[in-house]
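> fold the following.
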Amino acid sequence: MNILRNHIEKIITLTDEEFELIDSCFHSKKYRKKDLVIKETDFVSQVYFIVSGLMKLYIIDRDAKQHIISFSMEDWWETDYMAFYTESKATQFLQCLEDTEVLCLSFSDYQKLNEAIPKLEHFFLKKAIGGHIANQKRILSLLTLTAKEKYEQLLHSYPSLLQRIPKTVLANYLGVSRETLSRFFVESKKM
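This is a model prediction of the structure:
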């Protein structure tokens with residue numbers, strides 16, 4: 001829980017009493033590599049703070065093709081946010097790419113904490129804005145960048161993440177073949 005407290009206190013300061021309340025609303029859960037945390041049509045009632053591990057959020061289209069929306073790792077939050085905030089069924093899948101430990105917060109406890117500790121709303125707003133900006137960057141890169149430029153952007157933004165993602169999964173995320181990704185990888189090593 002110290003990891004969570006340190007994470008929150010990068011944005012707001014908490015008293016010990018406030019953190020005791022926060023601590024009481026989270027529970028720890030461990031998942032194995034390849035476990036599905038959220039499946040399409042599951043009712044989504046929790047958001048996950050990642051203590052350790054790596055996850056991917058994705059959809060499967062009508063042709064059974066997987067489209068990766070995002071990756072999330074330590075110190076990040078993840079869920080199917082549309083389903084979480086509307087208290088509805090998932091339209092996305094959340095799967096572990098590594099053994100993963102998370103701290104889970106239910107929607108009702110999320111509301112309770114925001115009411116009891118108003119400055120926590122500021123924390124969650126800052127996290128939401130950061131996530132929104134990251135999503136906009138992702139959309140813009142999909143619309144305007146070449147596959148190689150998307151790879152270079154990801155390499156620049158999250159160099160450690162690239163070492164943890166299987167090449168086939170990374171190729172899917174970038175929308176290229178595994179062979180093309182291997183070529184990018186070799187070219188970037190020469191630079």
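> for stretch 38-47, buried residues please.
With burial defined by 16 or more other Cβ atoms under 10 Å, the residues of stretch 38-47 counted as buried are I38, D42, V44, S45, Q46, V47. (Glycine included, C-beta is placed from N, CA and C.)
> output those residues as TSV; include the columns pLDDT and secondary structure.
TSV is the format used below for the buried residues of stretch 38-47 (pLDDT from 0 to 100; DSSP: H, G, I helix; E, B strand; the rest coil):
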residue	pLDDT	secondary structure
I38	98	strand
D42	94	coil
V44	96	coil
S45	95	coil
Q46	97	strand
V47	97	strand
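> closest one of the residues you listed to I133?
The closest of the buried residues of stretch 38-47 to I133 turns out to be V47 (Cβ to Cβ; 18.2 Å).
> how about the contacts made by the residue nearest to the closest one when sequence neighbours are not counted?
Residue nearest to V47 in three dimensions, not counting chain neighbours: T79, with 4.3 Å by Cβ to Cβ, 6 or more residues apart in numbering. Counting by Cβ atoms under 8 Å, 6 or more residues apart in numbering, T79 touches I38, V44, Q46, V47, Y48, L94.
> can you show me the helices along the chain?
Secondary structure of the chain by DSSP state H: the helices cover 2-8, 16-25, 81-86, 107-116, 119-144, 147-157, 159-162, 167-174, 178-190.
> now do the buried residues in stretch 50-69.
For stretch 50-69, burial by neighbour count (16+ other Cβ under 10 Å) applies to I50, V51, G53, L54, M55, K56, L57, Y58, I68.
> need the residue closest to the centroid of this protein.
Residue closest to the mean C-alpha point of the chain, counted by Cα atoms, centre = their mean, is S72 at 3.2 Å.
> quick one: the nearest residue to that one once chain neighbours are set aside from L162, how far?
In space, S72 comes closest to E78 once its chain neighbours are excluded; the distance is 4.0 Å by Cβ to Cβ, 6+ apart. Per Cβ to Cβ, to the nearest Å, E78 is found 18 Å from L162.
> do F19 as well
34 Å.
> show the pLDDT at K190.
At K190, the model reports a pLDDT of 67.
> low-confidence ranges in the chain?
Where the chain drops to pLDDT under 70, the residues are 189-191.
> for stretch 85-92, which positions count as buried?
A90, Q92.
> now F49, nearest residue through space, not along the chain?
Distances taken as Cβ to Cβ, 6+ apart put L103 closest to F49, at 4.4 Å, once the chain neighbours are dropped.
> tell me how many other residues surround Y151.
24 (other Cβ atoms under 10 Å).
> quick one: contacts for it?
Residues in contact with Y151 (Cβ under 8 Å, 6+ apart) are L174, V176, L181, F184, S188.
> residues contacting the nearest residue to the first one once chain neighbours are set aside?
Distance criterion Cβ to Cβ, 6+ apart; nearest residue to L174, sequence neighbours excluded, is K150 at 5.2 Å. Taking Cβ under 8 Å, 6+ apart as the contact definition, K150 lies against S141, L142, L174, G175.
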